[in-house]
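Colleague: Everything below, folded, please.
(4 chains)
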Amino acid sequence: MARITSLPEAVSEVVQDGDTVAFEGFTHLIPFAAGHEVIRQGRRGLTLVRMTPDLIYDQLIGAGCASRLVFSWGGNPGVGSLHRFRDAVSHDWPAPLELEEHSHAGMANRYVAGASGLPFAVLRGYVGTDLPGQTSNIAPITCPFTGEVLTAVPALKLDSAVIHAQRADRHGNVQLWGITGVQKEAVLCATRSLVTVEEIVDELDPRPGAMVLPSWAIGYVAEAPGGAHPSYAQGYSVRDNDYYRAWDAIGRDREEFNRWLDSTIFNRSPGDPGPNPERGGADQQNGADRPSGADQQNGARA
Amino acid sequence: MARITSLPEAVSEVVQDGDTVAFEGFTHLIPFAAGHEVIRQGRRGLTLVRMTPDLIYDQLIGAGCASRLVFSWGGNPGVGSLHRFRDAVSHDWPAPLELEEHSHAGMANRYVAGASGLPFAVLRGYVGTDLPGQTSNIAPITCPFTGEVLTAVPALKLDSAVIHAQRADRHGNVQLWGITGVQKEAVLCATRSLVTVEEIVDELDPRPGAMVLPSWAIGYVAEAPGGAHPSYAQGYSVRDNDYYRAWDAIGRDREEFNRWLDSTIFNRSPGDPGPNPERGGADQQNGADRPSGADQQNGARA
Amino acid sequence: MDAQPWTPDEMMTVAASRALRDGVVCFVGIGLPSTAANLARRTHAPDLVLVYESGTLGAKPDRLPLSIGDGILADTADAVISVPEVFNYWLQPGRVDVGFLGAAQLDKYGNVNTTMIGDDYRRPKVRLPGAGGAPEIAASCREVIVVVRQSTRAFVERVDFVTSVGFGRGKGDRERLGLRGAGPRTVITDLGVLEPDPETCELTLTAVHPGVGLDEVRARTGWPLRVAESLRQTDPPTPTELAALRRLRQQTEQQE
Amino acid sequence: MDAQPWTPDEMMTVAASRALRDGVVCFVGIGLPSTAANLARRTHAPDLVLVYESGTLGAKPDRLPLSIGDGILADTADAVISVPEVFNYWLQPGRVDVGFLGAAQLDKYGNVNTTMIGDDYRRPKVRLPGAGGAPEIAASCREVIVVVRQSTRAFVERVDFVTSVGFGRGKGDRERLGLRGAGPRTVITDLGVLEPDPETCELTLTAVHPGVGLDEVRARTGWPLRVAESLRQTDPPTPTELAALRRLRQQTEQQE
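Modeller: Sure thing, here's the model as predicted:
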């Protein structure tokens, strides 16, 4: 059964130094609040896994939490590049970042294999591209019935997975709807898992298009209203497009980025002695982490 | 785009002599009306595919439509055995029936592979059992990353698939809810497909737990109210348990079975010259095909 | 035995329900396993999680489902998923604690046959329904409970067809085959309870139900039955258990 | 060109939208492909089926989605499915007629690079976003349309990294690799249209947009460009097309 607790406590239990961890979300329901708490708690040496690493991964990478990235598309959707990611890849700043790169189809199937308790998945993919040359985690496999050669990728084995959802009930059953990406698979791939939710309710009334993750398949649930900001939570908030645009200038410059880290994640003034991982995240989840210029109107409950 | 037409026309277009065909449904939404129309039209030499062949397959086998069965569990759920199936296997009556036998997990994965356009699927299954000795369609496969040996099964390639659903709109988009089994996979495995529905509506309003199969993935849609009887269509009818129980006595005896065929499927009196495939099915779909003793109260719209 | 206010089948069902600890996740087949699991939910295990292979996770039916895909399972489940998902995401990775199996034949190493009786697969003496979910339930659940009425026809030295692997030909076979679950730790019959011997994995009688004699158990077993040194007697069904079981049956019949 | 009442990007978008026949199923990426596809739905192809990789089948947005996972896609779709399902059940088996790809680099055999610029993968000159859905879109869609602004930086003799296969090193390579779709049948730029030569599969200029000269196209191509004997001129955007495109953009900006 899932344990329901505070975000800082859940993050400290679920995400540990050196973990292979996925913060999943396909544009929708991205667990930003949990990612920020990971930065605040000073995690190091993470292998970050995700199909679509975006701003939260740029922030984790820039803050020095990550040493490796396993992914299929890394960008600021609708805006451009991730500059902290580029800086780490091209200039080892703030730390070298090793890459393992796949296609979406490959990553999606790696999640499926992990969720299924299989060591690998089979797909029609990668053939003729230069991707197999960059990793040993893409291999040919022959159909034992037809002799056809296809592609195998290994299952994702995650130490931890973090997702955001709309709601949980008091037993820790989680309900999410709208675009649900690979969130279920991410949780099922992981030894430890955390679901942050917009709210905890008495009963999960059925909704069209909703999936339910049962409590017994989840490690921790933490209430984090607005925890997907600047992404959105369908039925609760809309995407804060200004944040994504404003991030481009912040992410582009190391000093700008450090100022952003200090002021919005560590919540300290210049000259403050250093990170204070114990300072809780709960009071910072309601838009306090937005870059300057963000439209304060967004993120409101729809 | 799906073509919307009558049940007899749709069946004659979709299910052809010698087809490998699945009439899927996991206790719920079993396409009985379409199966009866197949008997009426006198199809021969079918390879019947299904995870849970039940009464409709017993009827198709007894009527001489099938020469092969690919399956994982064949019985009268909650009642006992399928006697027409047993008679065909043990005494070649009315014709020999070749068997290919799998586990549920194996069959489900064969559907998944077929729907995915892959030649095979991988699972942890069958190991140590006598099932691999009975078919060449179960083979070991080695993980190229870990060396672990798992089991492969070939994709199901269906000529035709028939399912029943609650509703379609006038474009041929199909909506089904409740227990949906492997119905989507069956349709996606097949070259030709038919979905019979309780009703055709102007708009498919979203419903909790509903899946939609888009019109462009379906061949034919035919309205067949009560077309799942004696199984049920959640939101429309309840299971006619008396029919299942009454079937035991009918299926047990060749002459009883033939009388049932004549009276309820071919709708002819003793001495009638023979099958009349042109006699439509529409007027026979509302409980006219029930065995004697069945409770006429069941099958009512909930 | 006739003097007892319960039937052997009721004793068997109650014993099976007791084998389910509260809070565990249980893969339930229709018939006696479903009855036992729903009885457990109504007595000592209100938080038992029922998974049916039709794709219902956490079903909470208020009567016995009439089939594995009864509408009441979907109506009361925490989640309804596709059949491929129930096998691939939930059963296969070992997320299910307890699997229930029935058997037409069971041998002394807990192997189960639900495929066919006879020595020629192509021309069976009795054709049975087949494997269903059983082979992978037997392989992947953390442990398996077999529930079967005891008779020399059912309890055989070696099954005619291995549909689901128990302990194969003895100790170490599951590990050699790479089967991950612990296998059939408990066989519950209308006469008593059998458990695998820790050294040999041979099924050994560890408990008899009230009023059942050892001779009767031996006479209804198709191999020379070993009996545990510390043979227990099953506690008789409590009035609460019996009442709950009968109410469940009654509610179910009224529904039909 | 400045005298024309449309921009080169508008011409490119209109040309891309025209390449989509009504009723086909189209796998749409965000940005220009999404604009072109939604323009087509508003003009000549109302029954175009839009599939977004976020798992929305048959989305009918009334403004341009701002990301591949915009809520409006889920709200207006015929079906919302998981990301594994969109790739496995819908793209991989060849159910999608047309796939759209963008490119940071495109070579004369239609191979696409969206991974990195430079000659050392570990130390790239420019790190790009990566593959996303492109490799399998390029492999599995019945045909592919590439939309890209023409420049010598983008149009190179050979891409630095093959993210998605066009025609490999020439005719027959797709078949040798077992790729099932027909590959990039159409490359639409801000200057004109390129199509593979039937004999060699080398991208050949088959149309120029109104007001564009051949010299300009050659100057903005990083290989010696072949020109079709029957070079066509693209029809200019109709007032209807332009109005629809601008309205779409405007609605989108108002939404933000």
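
Colleague: Let me see the ranges of the helices in the stretch 151-300 of chain A.
Modeller: With DSSP state H, counting those that start in this stretch, the ranges of helices along the stretch 151-300 of chain A come out as A:183-189, A:241-252, A:254-260.

Colleague: Quick one: closest of those helices to chain B.
Modeller: Judged by Cβ to the nearest Cβ, the one of the helices of the stretch 151-300 of chain A that comes nearest to chain B is helix A:183-189, at 14.4 Å. C-beta here means a position set from N, CA and C on the backbone, and glycine is covered the same way.

Colleague: what about the closest one, distance to the chain center?
Modeller: Distance, stretch centre to chain centre, for helix A:183-189: 12 Å (Cα atoms, centre = their mean, to the nearest Å).

Colleague: how about low-confidence regions in the chain?
Modeller: You didn't say which chain, so I picked chain A. For chain A, applying pLDDT under 70 flags the ranges A:269-302.

Colleague: other chain: chain C
Modeller: C:1-2, C:254-256.

Colleague: Could you report the neighbour count for the closest residue to chain D within the stretch 1-150 of chain A?
Modeller: With Cβ to the nearest Cβ as the measure, A:T27 is the residue of the stretch 1-150 of chain A nearest to chain D, at 2.6 Å. For A:T27, the neighbour count with other Cβ atoms under 10 Å in any protein chain shown is 25.

Colleague: Out of the helices of the stretch 151-300 of chain A, which gets nearest to B:P119?
Modeller: With Cβ to Cβ as the criterion, B:P119 lies closest to helix A:183-189 of those, at 23.3 Å.

Colleague: Look up the closest residue to the residue of the stretch 1-150 of chain A closest to chain D, ignoring the ones flanking it.
Modeller: Using Cβ to Cβ, 6 or more residues apart in numbering or on different chains and skipping residues adjacent in sequence, the residue nearest A:T27 is D:G69, 2.6 Å away.

Colleague: same deal with A:T135?
Modeller: A:E100 (5.1 Å).

Colleague: what separates the closest residue to A:L7 other than its chain neighbours from chain B, distance-wise?
Modeller: Spatial nearest neighbour of A:L7, excluding adjacent residues (Cβ to Cβ, 6+ apart): A:A222 at 4.4 Å. Look at A:A222 and chain B: by Cβ to the nearest Cβ, to the nearest Å, they are 26 Å apart.

Colleague: A:A222 contacts A:I4, doesn't it?
Modeller: Yes: if you go by Cβ atoms under 8 Å, A:A222 and A:I4 touch, sitting 7.3 Å apart.

Colleague: Can you pick out the residue with more neighbours from the two?
Modeller: Higher neighbour count among A:A222 and A:I4: A:A222, with 29 against 20, using other Cβ under 10 Å.

Colleague: What sits closest to C:E85 if chain neighbours are left out?
Modeller: Going by Cβ to Cβ, 6+ apart, C:E85 has C:G55 as its nearest residue, at 6.7 Å.

Colleague: For A:D262, the count of nearby residues, please.
Modeller: Neighbour number of A:D262 under other Cβ under 10 Å is 16.

Colleague: meant to ask about A:V79, not that
Modeller: Residues near A:V79, counting by other Cβ under 10 Å: 18.

Colleague: One more: C:T252?
Modeller: Applying other Cβ under 10 Å, I find that C:T252 has 17 neighbouring residues.

Colleague: Same check on C:D9?
Modeller: Per other Cβ under 10 Å, the neighbour tally for C:D9 reads 13.

Colleague: That one is in contact with C:I188, isn't it?
Modeller: No: at 11.3 Å, C:D9 does not count as touching C:I188 under the criterion of Cβ under 8 Å.

Colleague: residues touching A:P154, list them.
Modeller: Residues near A:P154 by Cβ atoms under 8 Å, 6 or more residues apart in numbering or on different chains: A:R110, A:A113, A:P119, A:F120, A:N137, B:C143, B:F145, B:T146.

Colleague: if we can go back for a sec, now do the contacts for the residue of the stretch 1-150 of chain A closest to chain D.
Modeller: A:T52, A:D54, A:P77, A:I179, A:S231, A:R239, D:S54, D:S67, D:I68, D:G69, D:D70.

Colleague: cool, and A:I163?
Modeller: Contact partners of A:I163, counting by Cβ under 8 Å, 6+ apart, are A:23-25, A:29, A:31, A:176, A:183, A:186-187, A:193-196.

Colleague: what's across from it in the sheet?
Modeller: A:V195 (DSSP bridges).

Colleague: How about the one 4 residues further on?
Modeller: The bridge-partner assignment for A:R167, based on DSSP bridges, gives A:Q175, A:E199.

Colleague: State the distance from it to chain B.
Modeller: Using Cβ to the nearest Cβ, one obtains 14 Å as the distance from A:R167 to chain B.

Colleague: So the residue nearest to A:T135, which state does it fall into?
Modeller: Following DSSP: H, G, I helix; E, B strand; the rest coil, A:E100 is assigned to strand.

Colleague: residues in contact with it?
Modeller: A:R68, A:L69, A:V70, A:F71, A:Q134, A:T135, A:N137.

Colleague: before we move on, back to that, what's the distance between the residue of the stretch 1-150 of chain A closest to chain D and A:E185?
Modeller: 16 Å (Cβ to Cβ, to the nearest Å).
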